[in-house]
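S.K.: got a structure for you, letters missing:
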């Protein structure tokens, strides 16, 4: 395995072209105090350039990651992309089924607390298999039927 590696991927879709260049440094000999990062084996840099076709605008973003894995750039690029697909999918479900984007909780930890509660409710609804409905439908049904709500909560 190379000490340092680089990989480039381009995706087309949703009205944009996105290029991601991933650089991985596995040779950490130049890092001072690396022993303070338990298990640190690599540093990853993702440079993303997104061209939006409808506006002609280009957005650039650089993200850094530290990892306990010692992978090559192609593997890291795909793994990070797959992670964000899961995160974005979860966000979409929470927004559609729970209208999270419309929440206006701003005081203290309210937003974070409700987010945790919504994730718990989402998992309970996903695990309930007696009906073939989507998450939003199951949520509505639980609001209308105490019997169904009790089945979800297993009480």
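M.R.: Yes, it's here. Fair warning: this is a prediction, and the values are worked out from it, not measured in the lab.

S.K.: pLDDT score assigned to residue 110?
M.R.: Looking at residue 110, its pLDDT reads 82.

S.K.: what about the helices in this structure?
M.R.: 73-98, 110-127, 135-144, 146-153 (DSSP state H).

S.K.: weakest of the ones you listed by average pLDDT?
M.R.: Averaged per stretch, pLDDT over the helices of the chain is lowest on helix 73-98, reaching a mean of 81.

S.K.: and it with helix 110-127, angle?
M.R.: For helix 73-98 against helix 110-127, the angle between stretch directions is 90 degrees (axes from the mean of the first three to the mean of the last three CA atoms, to 10 degrees).

S.K.: redo the helices of the chain as a markdown table? Include distance to residue 15 and mean neighbour count.
M.R.: All C-beta atoms are positioned from the backbone trio N, CA, C, and that covers glycine. Listed next are the helices of the chain as a markdown table, based on distance: least, CB to CB, whole Å; neighbours: other CB atoms under 10 Å:
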| stretch | distance to residue 15 | mean neighbour count |
| --- | --- | --- |
| helix 73-98 | 16 | 15 |
| helix 110-127 | 29 | 13 |
| helix 135-144 | 26 | 16 |
| helix 146-153 | 38 | 13 |
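
S.K.: as a markdown table, those with distance to residue 49 would be great.
M.R.: Formatted as a markdown table, the entries for the helices of the chain read as follows, by distance: least, CB to CB, whole Å:
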| stretch | distance to residue 49 |
| --- | --- |
| helix 73-98 | 14 |
| helix 110-127 | 31 |
| helix 135-144 | 34 |
| helix 146-153 | 44 |
